[in-house]
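A.B. asks: build me a model:
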Amino acid sequence: MLLSEKIYIEYNNDIEFTEEYVKVNGKKISNEEKKDNETWEQVAIRLRGEALQKHLKRQYENTIVLTGAGSSFGVGIGDKKGKLMSGLWEEAVNKFGYSHLQDFCNKINFKEFKPKNETTNLEFLLTHAQLYQYVTGDTDVEEFIKQLRNMVKESCTLKLPKNSAHRKFLRKLAAKKTKYARPKVFTLNYDTLFEQAAEKNGFMIIDGFSFNFPRKFKGTNFDLDVVTRITNKNVLEDNFVPNVVHVYKPHGSVNWLAKNNEVIISDESEDPLMIYPSSNKYESSYQQPFFEMMSRFQQETRAKNTLLIIVGYSCGDAHINAMIYEALSVNSSITIVFVAPNIDAEDQYEDLKKEVSQTGNVILTKQTFEEFVDSYPYSEIYSSAKWGSSDE
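C.D. replies: Below is the predicted model:
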């Protein structure tokens, strides 16, 4: 018996396939649906693309993107590329050695340390170590926590490669009527790939930091916009400048630095302001500027006629999850497109699948970040971008 692969889940429009057929809503489609020499997989992918286009081509007043580690995974230059949480543990083993990590876990009485062929949860380890250090005041433990944090920072200091999906995605997001709200990217990643993409595209970023140097964070900076003012004695008119994107980083960034009770942008930061992977990051989200970012996310998901694209996010953050489901309960005009390469996993996305069966505004599509960007529609009508070379 051939196992089918489900690649698209929507209310009254599920798509799955094997080598021998495609099913839509559990019913096999006829051979007449094939075009030219398509395989059944190609038919399924085409049908998924057509279904997605119906949602993505709509004119939304508010477009929001939430990205997690999946949008950075494998992105970078040379050997230094974005990692998932399991990859960060492998990095720790390579850097510090399995035996040293085992000794450290024994010292702090961490019981969740795994055998060599399994992945230890770095979130739980860091949380346990921080609690142990807080209670005991052990300076050796404190020092090793710093080393682990440094490793996370170094692993997330990435350079954007040529022809990146990040650049292409921002171009497509920005190609919309300027009368609508600016596209907003909420990235839970510490890296600066979206910022680099915007810079290479010649886009302007509103990220909560001032335009003067040193760039200081102030929440009200998100309320600023960029216009071209045309003034003569007969006309006074403000025209919104195209290619402006908002970037929010609810978990911080490798180039944020807390200094003199302020948060500034600094590439020289040895101790960047980040909510490191730990199970108490929920509590950390109530500190500034993280609280400002989360408040903005909640505010934007409540806006009318909103498209929320969630890509590369594993649903591992309770705070974020609560806001997503809250938006579904209070905002009937929101459309959520959830992008992940494993939507057919049995347990991970069960709550979202229940929402699909109960509402008509949640879509799950089985794609990587790069695949989704390629399938995202681009409107040349509303684009006035002057982009740099793709080889930059």
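
A.B. asks: from the chain's centroid, how far away is stretch 341-359?
C.D. replies: Distance of stretch 341-359 from the chain centroid (C-alpha atoms, centre = their mean, to the nearest Å) equals 18 Å.

A.B. asks: distance between the ends of that stretch?
C.D. replies: End-to-end span of stretch 341-359 (C-alpha to C-alpha, to the nearest Å): 22 Å.

A.B. asks: try stretch 349-363
C.D. replies: 12 Å.

A.B. asks: what's in contact with it?
C.D. replies: Residues outside stretch 349-363 that contact it (C-beta atoms under 8 Å, 6 or more residues apart in numbering): 8-12, 51-52, 55, 315, 321, 325, 328, 332, 334-338, 340, 343, 364. Using the backbone N, CA and C atoms, a C-beta is placed for each residue, glycine as well.

A.B. asks: cutoff 10 Å now
C.D. replies: With C-beta atoms under 10 Å, 6 or more residues apart in numbering as the test, stretch 349-363 has contacts from 8-14, 51-52, 54-56, 306-310, 314-315, 321, 324-325, 328-329, 331-340, 342-344, 364.

A.B. asks: among those residues, name the buried ones.
C.D. replies: Neighbour-count burial (16 or more other C-beta atoms under 10 Å) applied to these gives 8-10, 13-14, 51-52, 55-56, 306-310, 315, 324, 328, 331, 334-340, 343-344, 364.

A.B. asks: can you flag which of the contacts of stretch 349-363 belong to strands?
C.D. replies: Of the positions in the contacts of stretch 349-363, 8-9, 306-310, 335-340, 364 sit in strands, assigned by DSSP state E.

A.B. asks: show me which of those is closest to Met274.
C.D. replies: Of all those, Met274 sits closest to Ile310, with 21.2 Å by C-beta to C-beta.

A.B. asks: does that closest one have beta-bridge partners, and which?
C.D. replies: Residues in a beta bridge with Ile310, per DSSP bridges, are Leu66, Phe338.

A.B. asks: can you check Leu257 too?
C.D. replies: Judged by DSSP bridges, the bridge partners of Leu257 are Ile264.

A.B. asks: which non-adjacent residue is nearest the residue nearest to the spatial centre of the chain?
C.D. replies: When C-alpha atoms, centre = their mean is applied to the chain, the residue found nearest the centroid is Thr67 (0.8 Å). Nearest residue to Thr67, sequence neighbours excluded (C-beta to C-beta, 6 or more residues apart in numbering): Thr187, at 4.6 Å.

A.B. asks: wait, that neighbour sits on Glu195?
C.D. replies: Yes - in this structure, Thr187 is within contact of Glu195 by C-beta atoms under 10 Å, at 9.3 Å.

A.B. asks: shared neighbours of these two, anything?
C.D. replies: His166, Val247, Lys249, Ser253.

A.B. asks: any chance of those residues in JSON lines, plus secondary structure?
C.D. replies: Formatted as JSON lines, the shared contacts of Thr187 and Glu195 follow (DSSP: H, G, I helix; E, B strand; the rest coil):
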{"residue": "His166", "secondary structure": "helix"}
{"residue": "Val247", "secondary structure": "strand"}
{"residue": "Lys249", "secondary structure": "coil"}
{"residue": "Ser253", "secondary structure": "coil"}
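
A.B. asks: name only those of those residues that count as buried.
C.D. replies: The neighbour count (16+ other C-beta under 10 Å) marks His166, Val247, Lys249, Ser253 as buried among those.
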